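Engineer: Dropping the sequence and predicted coords here.
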Amino acid sequence: MTTKPTDTFGGWARFLYGQFGQYAAESAVNVPLNDVLAVRLAGTLNGLNGWQENPYAGEHQPKDDNQAGRISVLFKPSADFDALLKVEGSHNKDLSGSQIGGCPPPAPFVPAGFCKSAMTLGIPTGLNSTVNTTDEGQGVALNTTEDVLTLNYRRWGQTFTSVTGFYDYHSVQSIDADGTPSQLLNLQIEERYHQFSQELRVASQAGQTIEYLAGAYFQMDHLNGHPTDLTYYFLTPTILGNAAFAPLVPSLPLAGGGTYVQNEHSYALFGSLGWNVTEQLKVSAGLRGSWVYKTNQANNFYGQGTEAWGGVVALPANLQPLAAKILGATTAANGSLSNSDYIPSAKLQYKISPDVMVYFSYSNGFKAGVPTGGVVNGVAVPEILPENVDAYEVGIKSEWLDHRVLLNLDAFRSNYNNLQVTSAIFTPLGVPIIVTTNAANSRSQGLEFEGQWAVAENFRLSSALTYLDSHYVSYPNVTLTGIQTYCRAHPALAACAAQFPSGVPVLQDLSGRPTGFAPRVSGNLTASYIANLPREYRLTASASGIYSSSYYYANNGTDDDLLKQGGYGRLDSQLTLESPDRRWAVDLIGKNLTDRIIVEGGTGGTSLPTSLGSTLLRKEQPRNFALQVRYHW
């Protein structure tokens, strides 16, 4: 939550510069204009110039350039009424590139497709390489705006609140899907999104025997764009060499395009009731009713790629079937849905002592589905069903030894039904299309520990540790992994016969298997020491060890061992010199001092199209140092 304007003049600023052209300049200032009006301004500029050389694009990558600004205006004419207007906007540009991994691929795979092209070109592959090999122009551009007006009126021992919001973004993502400096397969995803929301609520004063909150919420939004503009440059020689495809020659390079429009209206009524039974015991419960209505229109077609990225112009109707013989059938689709649910929650808190509190909570969650997407580039996209979750948590929060030791521990379990997962379906040419589908059921459960210990006046330890068991309870009929796909096409290979003695399934069953991005064990340990220097200067040294066990990082939802991050330990550190009045400080920051190669999460890893056994990956920043100056007034 952003800091609100206050009636005191003040502010802060931060400047950072580091290796690989890292830079950051951030500042915020609070200005009280008079007794009833205050303004707060905040802004940031940050980015980097990359730690990988890309000789084919003539620059270093990844190259980030981000700007954002916010103005908040608080009008408070009396103790009974205040109005806060927040207006903010941002521009983010990420000119990042990917690297080809597993090329040549491990046995029994053999180099094929884009991996074979990379080997022919002699370009470096693998995450140990510091050279990026993608086309010029790959990256993401994102522009956002957000406006929120919050009104509070206090009367009759209650607070009446209105929150009106508008949010907008425009993003263009250009992806070199072949990973080579040659234009072989380019993908562009463009989206425009607008959202308006209105919330009205009334709340009692806090600290009463009975506390309550009730309200209503409305949201309408509109999404449109081009989700799968693929330009198949690599098919041009095949088309030119086959007389049957001669009518397509004037329209080369062949491309697949589409438009997608989704409109949504959602409504909600909610309320909660809390009972402070005693000073030690509090019980609360809530209920939310949610109604969601969505419509969409999907139009997929084949055409000519008129630009390096996107720019797909549809072929005449008489040529669509001919293109479909190469790329597979594609159709248009319209859909609508109506989802609703009642979402309960409950919580119990008991203070054993002023410094020790135990609690139990239950909550139900609901995420609406998405109308059927029809067929995208020859691949059927099923309707996405609503997702539900029942979440339970029990824990203890405590302080000991005269507040020198903090110990928090909790156990949790979340049972998901129709979990919405990001996964990959493949075109007839083996190009992955990232879509959202449903897993039948999954469960996420585990333990979390947080601890802090003031060992001495100048020495502190802190730690956080999570044990997580997150797996699919039931998830049949899942796309095959790379090795399963390969061995299904080559069942006579000795390695395939040994690995799949009963034959390779048509689809795999991930029931009992781990979900993505879910390391079994993760945590950190931080030690800090403060040295008091002459004239009341202060020097603080800290080191943080970060650990994660292995996990599947890809967004293709197949638990493919080729797309798995191994367990790693990472070390960060910081050395801070502070002035006697603590108004300014200088930080020397070191990140990833162990120089571990870590694949970036999210879209950081996927299978390399047309090249079973090979991957397309992005990695996190290697060991780096930065100098930072902070000042507040």
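Structural biologist: Good, I have the coordinates. Residues are numbered from 1 along each chain as shown.

Engineer: ok, Y486 - contacts?
Structural biologist: Contacts for Y486 were tallied using C-beta atoms under 8 Å, 6 or more residues apart in numbering; they are 108-109, 496, 612-613. No exception for glycine: its C-beta is placed from N, CA and C like everyone else's.

Engineer: Can you name the residues bridging to L465?
Structural biologist: Bridge pairing for L465 (DSSP bridges) gives the partners F449, G523.

Engineer: Redo the contacts of Y486 as CSV? Include secondary structure.
Structural biologist: Shown next, in CSV, are the contacts of Y486 (DSSP: H, G, I helix; E, B strand; the rest coil):
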residue, secondary structure
P108, coil
F109, coil
C496, helix
L612, coil
G613, coil
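
Engineer: Now render the residues you listed as JSON lines, adding neighbour count, distance to L273 and pLDDT.
Structural biologist: Listed next are the contacts of Y486 as JSON lines, based on neighbours: other C-beta atoms under 10 Å; distance: C-beta to C-beta, whole Å; pLDDT from 0 to 100:
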{"residue": "P108", "neighbour count": "16", "distance to L273": "62", "pLDDT": "94"}
{"residue": "F109", "neighbour count": "22", "distance to L273": "60", "pLDDT": "95"}
{"residue": "C496", "neighbour count": "20", "distance to L273": "61", "pLDDT": "94"}
{"residue": "L612", "neighbour count": "26", "distance to L273": "57", "pLDDT": "91"}
{"residue": "G613", "neighbour count": "24", "distance to L273": "58", "pLDDT": "93"}
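
Engineer: Pick the one among these closest to V261.
Structural biologist: Taking C-beta to C-beta as the measure, L612 is the one of those closest to V261, at 34.9 Å.

Engineer: So that closest one sits against Q484, correct?
Structural biologist: No. Between L612 and Q484 there is no contact under C-beta atoms under 8 Å: 9.9 Å.

Engineer: coming back round to it: will you turn the contacts of Y486 into JSON lines that also has distance to R154?
Structural biologist: Formatted as JSON lines, these follow (distance: C-beta to C-beta, whole Å):
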{"residue": "P108", "distance to R154": "72"}
{"residue": "F109", "distance to R154": "68"}
{"residue": "C496", "distance to R154": "72"}
{"residue": "L612", "distance to R154": "65"}
{"residue": "G613", "distance to R154": "65"}
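
Engineer: with these in mind, which one is nearest to S544?
Structural biologist: When the contacts of Y486 are ranked by distance to S544 (C-beta to C-beta), G613 comes first, at 36.5 Å.

Engineer: now the strands for the stretch 251-400 of the chain?
Structural biologist: Shown for the stretch 251-400 of the chain, the strands assigned by DSSP state E, counting those that start in this stretch span residues 254-276, 281-305, 312-314, 332-353, 356-367, 374-376, 379-381, 387-400.

Engineer: what residues does the host helix or strand of L575 touch?
Structural biologist: According to DSSP states H and E, L575 maps onto strand 568-578. Here strand 568-578 makes contact (C-beta under 8 Å, 6+ apart) with 537-548, 584-594, 596, 598.

Engineer: cool, stretch 149-167 as well?
Structural biologist: In this structure, residues lying in contact with stretch 149-167 by C-beta under 8 Å, 6+ apart are 79-86, 144-148, 193-205, 215.

Engineer: among those, which are in strands?
Structural biologist: Among the contacts of stretch 149-167, the members found in strands (DSSP state E) are 81-86, 144-148, 193-204, 215.

Engineer: Generate a PyMOL selection restricted to the buried subset of the residues you listed.
Structural biologist: The following PyMOL command selects only the buried members of the ones in strands among the contacts of stretch 149-167, with burial defined by 16 or more other C-beta atoms under 10 Å:
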select buried, resi 82+84+85+86+144+146+148+193+195+197+199+201+203+204+215
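
Engineer: And the helices in this protein?
Structural biologist: Using DSSP state H, the helices of the chain run over 113-121, 236-240, 320-327, 482-489, 494-499.

Engineer: would you turn those into JSON lines with distance to Q173?
Structural biologist: As requested, the helices of the chain are arranged in JSON lines below (distance: least, C-beta to C-beta, whole Å):
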{"stretch": "helix 113-121", "distance to Q173": "19"}
{"stretch": "helix 236-240", "distance to Q173": "24"}
{"stretch": "helix 320-327", "distance to Q173": "21"}
{"stretch": "helix 482-489", "distance to Q173": "24"}
{"stretch": "helix 494-499", "distance to Q173": "36"}
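
Engineer: Which one of the ones you listed lies nearest to P181?
Structural biologist: With C-beta to C-beta as the measure, helix 113-121 is the member of the helices of the chain nearest P181 (7.3 Å).

Engineer: list the helices and strands that closest one packs on?
Structural biologist: Contacting helix 113-121 under the criterion 3 or more C-beta pairs under 8 Å, 6 or more residues apart in numbering; DSSP states H and E are the following elements: strand 99-101.

Engineer: Quick one: mean pLDDT over the strand it packs on.
Structural biologist: Taken as a whole, strand 99-101 has a mean pLDDT of 91.

Engineer: Outside of it itself, list whatever touches it.
Structural biologist: Counting contacts by C-beta under 8 Å, 6+ apart, the residues outside strand 99-101 that touch it are 52, 114-115, 118, 123, 125-127, 129, 132-133, 179-180, 608, 614-619.

Engineer: Run me through the strand neighbours of that strand, direction for each.
Structural biologist: Looking at strand 99-101 with DSSP bridges, its paired strands and their directions are strand 615-617 (antiparallel).

Engineer: just to revisit the earlier point, going by neighbour count, which residues of the strand holding L575 are buried?
Structural biologist: Of all the residues in strand 568-578, those buried under the rule 16+ other C-beta under 10 Å are 568, 570-574, 576, 578.
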